[in-house]
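1. need the 3D shape of this:
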Amino acid sequence: MKTLKIKVDSTLKYLQVFNGILELTDKELLVLSKFIDLSDTVNLCSTENKKAVAKSLNIEDHNTLNNYVKKLKDKGAIKKNKNGYALSPILLPQKSVSLQILYSNE
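-> Modelled structure (predicted):
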């Protein structure tokens with residue numbers, strides 16, 4: 001078994017490691033990383049959090065982010081819960097993540 005170590009120094013780079021699974025666009029990755037870095041994670045996509053993310057991305061109307069929230073939900077990056085939206089458990093930033101890929105062409 002081979003071990004591959006990937007060092008990341010930002011939330012965006014951390015998310016990019018998983019992007020082969022999620023298939024997010026570059027803009028979706030950027031928006032999600034800003035939600036994680038700038039937001040309260042109890043309700044990741046609250047109005048207050050959207051305002052903070054929109055401001056950091058120079059988006060005039062924070063409601064524009066609703067399109068990204070839907071896409072992120074549809075692609076499994078965020079999940080709807082009783083408090084609103086939460087980051088998918090696989091994407092919670094951790095110091096170390098083990099990923100096992102089982103390949104079978106049978």
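2. report the distance from stretch 14-32 to the chain centre.
-> How far stretch 14-32 lies from its chain's middle: 6 Å, per CA atoms, centre = their mean, to the nearest Å.
3. so for it, what gets flagged as buried?
-> Neighbour-count burial for stretch 14-32 flags 14-16, 18, 22, 24, 28-32 (criterion: 16 or more other CB atoms under 10 Å). C-beta here means a position set from N, CA and C on the backbone, and glycine is covered the same way.
4. with stretch 57-66 instead?
-> Across stretch 57-66, burial judged by 16+ other CB under 10 Å covers 57, 59, 62, 65.
5. restricted to strands, list these.
-> In strands, defined here by DSSP state E, there are no members of the buried residues of stretch 57-66.
6. mind checking the end-to-end distance for stretch 99-106?
-> End-to-end span of stretch 99-106 (CA to CA, to the nearest Å): 22 Å.
7. touching it from outside, list them.
-> Counting contacts by CB atoms under 8 Å, 6 or more residues apart in numbering, no residue outside stretch 99-106 touches it.
8. what mean pLDDT does that stretch get?
-> The average pLDDT within stretch 99-106 is 73.
9. how distant is it from the center of its chain?
-> Put simply, stretch 99-106 sits 25 Å off its chain's centre (CA atoms, centre = their mean).
10. same thing with stretch 44-64?
-> Distance, stretch centre to chain centre, for stretch 44-64: 15 Å (CA atoms, centre = their mean).
11. cool, stretch 84-91 as well?
-> 8 Å.
12. end to end on that stretch, go ahead and measure it.
-> The first residue of stretch 84-91 is 17 Å away from its last residue (CA to CA).
13. return the alpha-carbon coordinates of stretch 48-55 using PDB.
-> The C-alpha coordinates for stretch 48-55 follow below in PDB (Å, rounded to 0.1, in the frame of the first residue of the first chain):
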ATOM      1  CA  GLU A  48     -25.300  37.100   8.300                       C
ATOM      2  CA  ASN A  49     -22.800  34.600   6.900                       C
ATOM      3  CA  LYS A  50     -23.900  35.300   3.300                       C
ATOM      4  CA  LYS A  51     -23.300  39.000   3.900                       C
ATOM      5  CA  ALA A  52     -19.800  38.400   5.200                       C
ATOM      6  CA  VAL A  53     -18.900  36.100   2.300                       C
ATOM      7  CA  ALA A  54     -20.400  38.400  -0.300                       C
ATOM      8  CA  LYS A  55     -18.400  41.300   1.100                       C
END
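14. sweet, I'm off.
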